[in-house]
Structure formats: C-alpha cells, structure tokens
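J.: Quick one, what's the 3D model for this:
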Amino acid sequence: MPLPELMLLAPGNIHDSVVLASLEDQVRGFELYADKAYIEERMKESLAMKNVVLHTPVKKVRGRTTDLHLEERLYSTAVSRVRQPIESFFNWLQQHTQVQLASKVRSTQGLYVHVFGRICAALLLLLNP
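T.: Below you'll find the model as predicted:
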C-alpha cells in the first residue's frame with residue numbers, strides 16, 4: 001500500500017483542481033496520477049512548466065460515437081493501475097479510522113486534530129503491523 005507524500009485539508013465545496021492550482025508554487029518535479037476531474041489542458045501546461053507530469057485517464061469526448069482508440073484505452077488502463085493502490089489506501093484509511101465522522105468537531109483546530117490524529121494513528125498501524 002502506498003504511503004502519502006503530501007496531505008492537506010480543504011473545504012468540501014472546493015474542487016480538487018482548485019486546491020492543486022493553489023499548491024503549484026510548492027510542487028515541483030514529480031508525476032501526478034489523478035482522476036478525470038483534473039483533465040484541464042491549462043493546468044497540465046502550468047504543471048509541466050514546474051516539471052510536474054500530470055497523468056489522467058482519457059476522457060471520452062461527449063457526442064463521440066466511437067470508443068476510445070487503442071492507445072487511449074491502454075494509457076487509461078495504465079493510469080488506473082497506478083491509481084488503484086491509492087484508492088485502496090483511501091478506502092483502508094476510512095475503514096480503519098472513520099476519519100469522515102467528524103460531526104462533533106466544533107472548530108477548525110478540532111478538525112485538524114481529529115483528521116490528522118486519526119491519519120497519524122492509521123499510518124503507525126500501517127508501518128508497525
């Protein structure tokens with residue numbers, strides 16, 4: 001199971017691509033495997049200038065009557081195979097920590113303690129089975 005290199009919290013009503021755009025000055029020189037929500041040519045070009053390679057599955061064009069070409073299907077499958085362990089980690093984290101159950105948290109500071117405390121405990125479990 002992969003270990004995270006970066007974690008942050010953002011409000012649920014803000015799209016992930018907006019959060020990534022706000023981090024662009026801090027991230028350099030790596031490959032990012034993201035879902036179809038990140039397919040945005042402007043962002044891909046902006047990240048490329050910072051030596052960040054963005055990989056997303058190929059999105060079928062609306063109204064296109066044919067399926068994806070073989071190369072597009074193979075690329076999408078390769079990206080999905082890299083993303084699958086990451087999605088498994090998120091699922092494992094939710095199952096073992098119930099991190100999304102924060103209904104009794106009443107402050108921003110309390111939310112940080114709740115979320116990062118549970119993630120820290122989960123990572124200790126993961127590293128020391």
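J.: Run the chain-centre distance for the lowest-mean-pLDDT helix or strand in the chain.
T.: Scoring the helices and strands of the chain by mean pLDDT, DSSP states H and E places helix 16-23 at the bottom, with a mean of 77. Relative to the centre of its chain, helix 16-23 is centred 11 Å away, using Cα atoms, centre = their mean, to the nearest Å.
J.: ok, now stretch 66-86?
T.: Here the centre of stretch 66-86 is set off from its chain's centre by 16 Å, with Cα atoms, centre = their mean.
J.: Could you do stretch 22-40 as well?
T.: 9 Å.
J.: helices and strands around the least confident helix or strand of the chain, which ones?
T.: Applying 3 or more Cβ pairs under 8 Å, 6 or more residues apart in numbering; DSSP states H and E, we find helix 16-23 packed against helix 41-48. Just so you know, the C-beta spots here come from the backbone N, C-alpha and C atoms, and that holds for glycine as well.
J.: And the helices in this protein?
T.: For the chain, applying DSSP state H gives helices covering 16-23, 41-48, 70-97, 108-127.
J.: now the protein, which segments are flagged as low pLDDT?
T.: 1-3, 24, 27, 63-65, 129 (pLDDT under 70).
J.: if we can go back for a sec, compare the helices of the chain and report which one is nearest to residue 32.
T.: Set against residue 32 and scored by Cβ to Cβ, those come closest in helix 41-48, at 7.1 Å.
J.: which other residues reach the least confident helix or strand of the chain?
T.: 8, 10, 27, 32, 34, 37-38, 40, 43, 46 (Cβ atoms under 8 Å, 6 or more residues apart in numbering).
J.: how about TSV for the helices of the chain, with distance to residue 60 and mean neighbour count added?
T.: Listed next are the helices of the chain as TSV, based on distance: least, Cβ to Cβ, whole Å; neighbours: other Cβ atoms under 10 Å:
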stretch	distance to residue 60	mean neighbour count
helix 16-23	19	14
helix 41-48	16	14
helix 70-97	9	13
helix 108-127	35	13
